[in-house]
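> turn this into a structure:
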Amino acid sequence: TTAEETTLPETTVEETTEEVTTEPETTPEPEVTETPWYLVLVNPWHPLPEDYQFELTTVTGKYKIDSRCADALGQFLADCKAAGHTPYICSAYRTWDDQVYLFDKKVKSFTSKGYSEEEAKILAAKETAVPGTSEHQLGLAADILCQSRPWLDEGQANTATQKWLMANCHKYGFILRYPKGTTPITGII
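Now for the predicted structure:
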């Protein structure tokens, strides 16, 4: 057939007056849950929550810690001693005033070396938490040393006591919060 001979059926387009509506897509609201006390993060970028509450328990005679982890800390230290090591706490819970004192002391040490106040505060914050940004203020941090090396320095990691603490801390719900080499992530040396 030729094009002239082929006729196509007539088609019509029907107009519709029916209105089409679509409901706007909604994103479900995220479920708001409270962060468990043992996961509260306090650091230079996440300050201590103003409404954070806890009770303190005295451990090892003079240091205080959040009551919710005091038994675990006591067992941790007892088991370390039972394994033949000599751990002791050199710092635990700190009040706001304690943290202010430590931070100001560190700032003064840098200003006495010739740094400006602003420079000194920046340098001090790398070694001592700015008040309101220390996990010690949560009552969840404890600095534990070996009695044969009573300095909180890099050599501490080489003691048998620290090696035992690091190998076993997870069993009691604890971690090494600021491992060597994590300063860019944590902001703390």
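> all strands of the protein, in order?
56-59, 63-66, 87-91, 143-146 (DSSP state E).
> could you pull out the buried residues of the first one?
The one in question is strand 56-59. Thr57, Val59 (16 or more other C-beta atoms under 10 Å). All C-beta atoms are positioned from the backbone trio N, CA, C, and that covers glycine.
> now the strands of the chain in a markdown table, with mean pLDDT and distance to Gly155?
Shown next, in a markdown table, are those (pLDDT from 0 to 100; distance: least, C-beta to C-beta, whole Å):
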| stretch | mean pLDDT | distance to Gly155 |
| --- | --- | --- |
| strand 56-59 | 96 | 25 |
| strand 63-66 | 97 | 22 |
| strand 87-91 | 95 | 14 |
| strand 143-146 | 95 | 10 |
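> which residues are contacting the helix or strand of the chain with the lowest mean pLDDT?
Lowest by mean pLDDT, DSSP states H and E among the helices and strands of the chain is helix 183-186, with a mean of 83. Contacts to helix 183-186, defined as C-beta atoms under 8 Å, 6 or more residues apart in numbering, come from residues Asn43, Lys126, Arg177, Tyr178, Ile189.
> please apply the same query to stretch 120-135.
Under C-beta under 8 Å, 6+ apart, the answer for stretch 120-135 is 42-44, 46-48, 94, 96, 99-100, 102-103, 105-111, 115, 136-137, 141, 177, 183, 187-189.
> what about His85, neighbour count?
Under the neighbour criterion other C-beta atoms under 10 Å, His85 is assigned a count of 19.
> in terms of pLDDT, where does the closest residue to it other than its chain neighbours sit?
Distances taken as C-beta to C-beta, 6 or more residues apart in numbering put Thr161 closest to His85, at 4.0 Å, once the chain neighbours are dropped. Note for Thr161: predicted pLDDT of 97.
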